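Could you work out the structure for the sequence below:
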Amino acid sequence: MRCIVMVKANKDSEAGVMPTKKLFAEMGKFNEELMKAGILLAAEGLQPSSKGKRVRFKGTTRTVIDGPFTETKELIAGFWLWQVRSMEEAVEWVKRCPNPHDGESEIEIRQVFEAEDLGPELGPEFRKQEQRLREQVSRKK
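Prediction:
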């Protein structure tokens, strides 16, 4: 199963404060462990929401909203994409993760939908399209 592991933002990450050299080293070591275990598919930090945009959809209307966004505890500071055997395995790996912020932090784990999770509503033509797109993306790596 694939899952996205999201590091929640805090006031420092939203202010653009960079992690300490110590935290960079600890996270680098953790990422190496994930890589050696064959779990890590992607790992990225995100710029503060002040550099972001949101697009709100209402029917056919699209409204662009400039950051920053106010609910810091709902924002994401970074993420990993992992391939694990179970949610329990993902939780065990997150428990080994260095604390991503000084003080209190939160990391959220969410399972990624796979084509087979979508049931019969995803007809054969969409399954073929999904497979073709995944193959094209994997060739870009």
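
use CA for all of it now, contacts and neighbours both
Will do.

where exactly do the helices run in the protein?
For the chain, applying DSSP state H gives helices covering 11-14, 21-36, 87-96, 124-140.

Now do Asp117 against Met1, distance only.
Applying C-alpha to C-alpha, to the nearest Å, the value for Asp117 to Met1 is 11 Å.

which of those two has more neighbours?
Shown here are Asp117 and Met1; by other C-alpha atoms under 10 Å, Met1 has more neighbours (13 against 9).

Touching, that one and Arg85? I think so.
Yes. Using C-alpha atoms under 8 Å, Met1 is in contact with Arg85, at 5.7 Å.

which regions of this protein lie under the pLDDT threshold?
Counting by pLDDT under 70, the ranges of the chain that qualify are 141.

Enumerate every residue touching the residue nearest the centre of it.
Central residue of the chain (C-alpha atoms, centre = their mean): Phe79, 3.4 Å from the mean position. Neighbouring residues of Phe79 by C-alpha atoms under 8 Å, 6 or more residues apart in numbering: Ile4, Val5, Met6, Val7, Ala43, Glu44, Gly45, Leu46.

Fine by me, we can end here.
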